[in-house]
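K.L.:
build me a model from this:
(one chain, ligands or ions: 1)
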Amino acid sequence: MELQSGRLLEPAPPFRFVNHKCDPNCEIFYWDDADDPSQKDRLWLQTIRPIAPGEELSIDYCWPADAAIPCRCGSSTCRGWIVDPDELHLVGKD
Ligand SMILES: [Zn+2]
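P.N.:
Prediction:
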């Protein structure tokens with residue numbers, strides 16, 4: 001994951017196992033507290049709707065079009081590609 005500071009983060013387990021869905025139940029929030037150096041470049045995984053027991057946690061990867069791969073998330077709103085919704089129109093136009 002690319003942070004706003006330009007640094008890259010390789011998530012550790014269990015966060016690294018959060019899969020993509022086009023209709024996710026979680027989002028990642030960026031946190032950077034300028035007054036507390038220990039709170040710089042932090043990412044938070046937060047639910048965005050109620051989650052049923054046993055339901056898999058998911059996020060929308062929002063990858064750029066040049067990194068898109070086919071999506072098989074099974075969501076009724078699946079875009080067909082793991083890609084930023086704003087770049088869906090660019091997929092396959094190389
Ligand atoms: Zn999908």
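K.L.:
use CA for all of it now, contacts and neighbours both
P.N.:
Fine.
K.L.:
and the residue of the protein nearest the ion?
P.N.:
Residue nearest to the ion within the chain: C78 (3.6 Å; C-alpha to the ion).
K.L.:
A strand includes that residue, no?
P.N.:
No - counting by DSSP: H, G, I helix; E, B strand; the rest coil, C78 is not part of a strand but coil.
K.L.:
residues touching it, list them.
P.N.:
Contacts for C78 (C-alpha atoms under 8 Å, 6 or more residues apart in numbering) come out as 21-23, 71-72.
K.L.:
now P13
P.N.:
Contacts of P13 by C-alpha under 8 Å, 6+ apart: none found.
K.L.:
near the ion, which residues of this protein show up?
P.N.:
Residues of the chain found near the ion (C-alpha under 5 Å from the ion) are 22, 71, 73, 78.
K.L.:
helix, strand, or coil at I28?
P.N.:
Secondary structure of I28, per three-state DSSP, is strand.
K.L.:
residues near it, how many?
P.N.:
15 (other C-alpha atoms under 10 Å).
K.L.:
cool, the one 3 residues further on as well?
P.N.:
By the other C-alpha under 10 Å criterion, the neighbourhood of W31 contains 14 residues.
K.L.:
on the pLDDT front, check it for me.
P.N.:
W31 is assigned 79 on the pLDDT scale.
K.L.:
so who does the closest residue to it other than its chain neighbours touch?
P.N.:
Setting aside the residues directly before and after it, W31 is nearest to R42 in space (C-alpha to C-alpha, 6 or more residues apart in numbering), at 4.9 Å. Contacts for R42 (C-alpha under 8 Å, 6+ apart) come out as 30-32.
K.L.:
repeat for L9
P.N.:
L9 neighbours (C-alpha under 8 Å, 6+ apart): 1-3.
K.L.:
quick check: of these, which has the highest neighbour count?
P.N.:
Ranking the contacts of L9 using other C-alpha under 10 Å puts L3 first, with 13 neighbours.
K.L.:
was I right to think that one contacts D32?
P.N.:
No - using C-alpha atoms under 8 Å as the test, L3 is too far from D32 to be in contact (10.2 Å).
K.L.:
so what sits against both of the two?
P.N.:
Any residue near both L3 and D32 by C-alpha under 8 Å, 6+ apart counts here, and that gives D41.
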